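Visitor: Got a sequence here, can you build the structure:
(chains A, B, C and D)
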2 protein chains.
Amino acid sequence: MPNNHFKKGELYSFITGKASTAIARRLQKKFNTAGLNLTIEQWSVLYHLWKEDGKSQQELCNSTFRDKPSITRLVDNLEKLKLVKRVSSAEDRRINKIYLTPEANTLQERTMHLAEETLNEALQSVPPAQIEVCKAVLQIVYDNLT
Amino acid sequence: MPNNHFKKGELYSFITGKASTAIARRLQKKFNTAGLNLTIEQWSVLYHLWKEDGKSQQELCNSTFRDKPSITRLVDNLEKLKLVKRVSSAEDRRINKIYLTPEANTLQERTMHLAEETLNEALQSVPPAQIEVCKAVLQIVYDNLT
DNA sequence: GGCATATAGTTAGATAAACAACTATATAAA
DNA sequence: TTTATATAGTTGTTTATCTAACTATATGCC
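Guide: Here you go, the predicted structure:
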């Protein structure tokens, strides 16, 4: 069965992801207002380190769906902000393990709260069942393309 | 009724829009493979001009959800590629109207075909009814945040 | 041991996005 | 008519993405 369910006018916003862009912009504004000098992309790296500290850059590539140069530069900037520290692995000297600093840990609670707040604003008046459908569809889309 | 339906692990991918990123990357690869020297962002501007030629930069801002500096630079690059032309409006000299060149028009059919192909690949095995739900949810998200 | 190959990370160059500050033109109010 | 204000677009700065080319280390095979 064909899946030609996108008329031309709808195709655009699906491809360009205007919903996720809007969510990211709103969250960035909240960070700025709260005086947090942190980009969403930097936060997304911290997010995965809060789940498991000491990940390698390659593991961060996989978790965040970014390529290696992108992670190199995000880690560069996070190091400048003194939020993470590169530690060369003793077993395999090709590997950098990335560790959170105490400063980074003070950001976890505040930023996660703002992220949850943003999602609740975004999903206002959307029935829970539809949210589940949407999450499932977006996961299939991702799996279909990777 | 609260909308706290995102556990922490799911929150991330919704915010960062990994599905739309994957779609954009796939489409970009198709452009590159087809020898089209065109970014997805540039294509998104052409897309709106194909719907209505001669839009002002401000109108392109609204259509593409970008700010003015972004459109200024996208139009700069599209002009370098000789795909559009800025024409100062006679009635209001603050306004630039953006017109497609014949070269741009030769790209329409090919690129739209690749975009539809990409979406069909992305939505493989997703029931049409769920696609509709997903589109509706993403629209509400966008409206809630803008 | 020595060589091919794979993997981890970096660097360089181009394009793009967000924000702030700016120029130029148009409109409205005094 | 002059002055204030709003609108359209540009420029500069920082951060991020992608591709390609690169360095360094590890692994596997002869």
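Visitor: Every contact and neighbour count from this point should use C-alpha atoms.
Guide: Noted.
Visitor: what about the most centrally placed residue in chain A, which helix or strand?
Guide: Central residue of chain A (CA atoms, centre = their mean): A:Ser44, 3.6 Å from the mean position. Assigning secondary structure by DSSP states H and E places A:Ser44 in helix A:40-51.
Visitor: What angle do helix A:40-51 and the following helix or strand past that helix make with each other?
Guide: The first helix or strand that comes after helix A:40-51 along the chain, using DSSP H and E, is helix A:57-64. Orientation check (axes from the mean of the first three to the mean of the last three CA atoms, to 10 degrees): helix A:57-64 against helix A:40-51 gives 110 degrees.
Visitor: surely the residue nearest to the centre of chain A meets B:Ser13?
Guide: No: A:Ser44 lies out of contact with B:Ser13 (CA atoms under 8 Å); the separation is 9.7 Å.
Visitor: Output the contacting helices and strands for the longest helix anywhere in chain A.
Guide: With secondary structure taken from DSSP state H, chain A has its longest helix at helix A:102-122. Here helix A:102-122 touches helix A:18-33, helix A:40-51, helix B:8-16, helix B:128-145, going by 3 or more CA pairs under 8 Å, 6 or more residues apart in numbering or on different chains; DSSP states H and E.
Visitor: same thing but at 7 Å, please
Guide: The contact analysis (3 or more CA pairs under 7 Å, 6 or more residues apart in numbering or on different chains; DSSP states H and E) places helix A:102-122 against helix A:18-33, helix B:128-145.
Visitor: Buried deepest among those, which one?
Guide: helix A:18-33 (a mean of 19; mean count of other CA atoms under 10 Å in any protein chain shown).
Visitor: From A:Glu117, how far off is the spatially closest residue to A:Gln28 that is not a sequence neighbour?
Guide: Distances taken as CA to CA, 6 or more residues apart in numbering or on different chains place A:Ile40 nearest to A:Gln28, at 6.1 Å, with adjacent residues excluded. Distance, A:Ile40 to A:Glu117, using CA to CA, to the nearest Å: 15 Å.
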